[in-house]
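Q: sequence? don't have it. structure:
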């Protein structure tokens, strides 16, 4: 029987995970492997983004404690799931936190999710920018198509984009994400998608984490 060789985590965009497939590799002693949208074979993933949803159950009796964190990196969303000790560790993070996560891909009832091994909170904008640039360089080196270049269907309208842009431009000193959500009453994934478009177009910039300002 061949031994499993540990592999380093691979930096990916979430869309390349959820648009890929997760299968079992091996017979008697198998392990999960992710075949990404770009055709890479990955055993351990490294992703970063914003936590947009959280669920925690402390568990009672024979029921195990459980925590689920939904991560958004502007290309798509994916759930991180943990039980018992992992669940308690994951419960330390909250909606709005910008994080970097290393974990293993898993599949349950047709849902691809990640079993986290390590989660680090990102509090430095320079660190977040470094992670973005590093990922772009890796994709370009591999000659992979960047998710921002895909002709993906936009889930937001021009009206929503205009509303969000106006809210940002109304504040000369910049405005935080939570305040944008409160003023526009638009769901978080849509707001984050619009903000990413505005960042890509050079209409706004991010002077600090989750705070946005007109250029």
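A: Sure thing, it's come through. Just so it is clear, the model here is predicted, and its values are computed rather than measured. Numbers count the residues shown, from 1 in each chain.

Q: which intervals of the protein have sub-threshold pLDDT?
A: Residue ranges of the chain with pLDDT under 70: 1-6, 28, 148-156.

Q: Walk me through the domains of it.
A: Here the domain parsing of the chain from automatic domain parsing is 10-121, 125-214.

Q: Please identify the deepest-packed of those.
A: The highest average neighbour count among the domains of the chain, using mean count of other CB atoms under 10 Å, belongs to domain 10-121 at a mean of 17. Using the backbone N, CA and C atoms, a C-beta is placed for each residue, glycine as well.

Q: now it, how far from the centre of its chain.
A: Relative to the chain's own centre, domain 10-121 is displaced by 9 Å; criterion: CA atoms, centre = their mean, to the nearest Å.

Q: Now do the end-to-end distance for that domain.
A: 19 Å (CA to CA, to the nearest Å).

Q: need the helices for this protein, in chain order.
A: Applying DSSP state H to the chain gives helices spanning 14-18, 85-90, 125-141, 158-169, 177-184, 188-201.

Q: want to try CSV for those, with distance to residue 75 as columns?
A: Putting these into CSV (distance: least, CB to CB, whole Å) gives the following:
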stretch, distance to residue 75
helix 14-18, 4
helix 85-90, 22
helix 125-141, 11
helix 158-169, 18
helix 177-184, 18
helix 188-201, 9
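
Q: so which of those comes closest to residue 79?
A: Comparing the helices of the chain by their distance to residue 79 (CB to CB), the top pick is helix 14-18, with 9.8 Å.

Q: Which elements pack onto that closest one?
A: Other elements packing on helix 14-18 under the criterion 3 or more CB pairs under 8 Å, 6 or more residues apart in numbering; DSSP states H and E are strand 45-57, strand 77-83, strand 111-121.

Q: repeat that for 6 Å
A: Counting contacts by 3 or more CB pairs under 6 Å, 6 or more residues apart in numbering; DSSP states H and E, helix 14-18 is packed against strand 77-83.
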